[in-house]
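S.K.: any chance you can model this:
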Amino acid sequence: MYDYTCFDTTKDRDIMAAANHLSELQQQIRERYTSLSKRLQQVAQYVLDNPNSIAFDTVAVIASHAEVPPSTLIRFANAFEFSGFNEMKQLFRKKLVEETTSYTKRAQLLKQEKGDEGVLETPSQVLHELSQANVSALMQLAETTPPQDLDAAVALLEKADTIYIVAMRRAFSIAMYFTYALSHLERRVVLVDGLGSMAAEQMARIGENDVIISASFSPYSPETVAMCEKASEAGAKQIVFTDSQISPLAAHGDVNFIINEAEVDSFRSQTATLCLAQSLVIALAFRFSQKA
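M.R.: Here you go, the predicted model:
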């Protein structure tokens, strides 16, 4: 017999939207677990414990393994504001592809998922899709970034004794830009690149009159997270570039910039983040020119 009982989600739906990242969905599931019906708790447990199964198995197989009817999977997805279970599955597939460090293997996974007709093949197709996605991301960035956050970030950079910059792996280009640009504004800058495994030593003198700029996106760099924690212990102010309010970096930020980057087939751009970084630097330059 199917269990059609479920909790009242009317109140929750007024304040909750479908998660954009797997980590966000997993946190929502943990927070609301006790409010779910018994059948939905079964699904929640399976979803949390078997992410690879959710990514690639069919609804029928997942329902069998979770020991619930397929309709319960749909109700579970609806409870977390997804239109259907397959929409929720995309978060798991996206996470799996992102964690595949080989770009060749990532492309192979995408081809297996979409088939030959759904995969971009020519450089022209890739350029067109990525350009369009970046236009949308930049428009969203301009419309959603709070002016007070921009003002606060520029003020922190202006007053800082030393500016430490931490952005590793995929985000390293952001760190290099800030290091280059802020040096041209005669700011005292320390690039924490971890060369020789000495990131902690590079951060040894950070204090409460300093600012750290950090950038990391899912899956988050553990080195960057560790340096943000160290900066927090030292009382330094923090400007964070990341992709979610529940990012491990966001917990330490005095100013958090949550950026939705353009993405084409799980290959993410950095255009919006670099645009925001350049905007802060140029705004700081104009502020110095006015005082001069």
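S.K.: would you map the helices across the stretch 101-250 of the chain?
M.R.: 103-114, 123-144, 147-159, 172-183, 199-202, 222-234 (DSSP state H, counting those that start in this stretch).
S.K.: hey, least reliable of those by pLDDT?
M.R.: Lowest mean pLDDT within these: helix 103-114, at a mean of 61.
S.K.: buried set for stretch 245-254?
M.R.: 247-250, 252-254 (16 or more other C-beta atoms under 10 Å). All C-beta spots, glycine's among them, are computed from the backbone N, C-alpha and C.
S.K.: ok, which pair from those is furthest apart?
M.R.: Using C-beta to C-beta, the pair of those lying farthest apart is 248 and 254, separated by 15.6 Å.
S.K.: about what we covered before: any chance of the helices of the stretch 101-250 of the chain in TSV, with mean neighbour count and distance to residue 66 too?
M.R.: Output for the helices of the stretch 101-250 of the chain, formatted as TSV (neighbours: other C-beta atoms under 10 Å; distance: least, C-beta to C-beta, whole Å):
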stretch	mean neighbour count	distance to residue 66
helix 103-114	14	22
helix 123-144	14	35
helix 147-159	16	42
helix 172-183	18	40
helix 199-202	15	42
helix 222-234	19	31
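S.K.: between those helices, which gets nearest to residue 280?
M.R.: Per C-beta to C-beta, nearest to residue 280 of the helices of the stretch 101-250 of the chain: helix 147-159, 5.6 Å.
S.K.: contacts for the closest one?
M.R.: Contact with helix 147-159 is made by 163, 182, 187, 211, 237, 239, 254-257, 279-280, 283-284, 287-288, as judged by C-beta atoms under 8 Å, 6 or more residues apart in numbering.
S.K.: now do 10 Å
M.R.: Residues outside helix 147-159 that contact it (C-beta atoms under 10 Å, 6 or more residues apart in numbering) are 146, 163, 178, 182, 185, 187, 209-213, 236-241, 253-258, 276, 279-288, 291.
S.K.: buried ones among those?
M.R.: 163, 178, 182, 185, 187, 210-213, 236-241, 253-258, 276, 279-281, 284, 287.
S.K.: which stretches of the protein have low pLDDT?
M.R.: 1-16, 97-120, 266 (pLDDT under 70).
S.K.: can I get the CA coordinates of stretch 208-217 in PDB?
M.R.: Taking C-alpha atoms only, stretch 208-217 is exported to PDB below (Å, rounded to 0.1, in the frame of the first residue of the first chain):
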ATOM      1  CA  GLU A 208      43.100  42.300  12.900                       C
ATOM      2  CA  ASN A 209      44.100  45.300  10.800                       C
ATOM      3  CA  ASP A 210      44.500  43.100   7.700                       C
ATOM      4  CA  VAL A 211      42.100  41.900   5.100                       C
ATOM      5  CA  ILE A 212      42.000  38.500   3.400                       C
ATOM      6  CA  ILE A 213      40.400  38.100  -0.100                       C
ATOM      7  CA  SER A 214      39.400  34.500  -0.600                       C
ATOM      8  CA  ALA A 215      37.700  32.700  -3.600                       C
ATOM      9  CA  SER A 216      36.600  29.100  -3.900                       C
ATOM     10  CA  PHE A 217      33.700  27.400  -5.600                       C
END
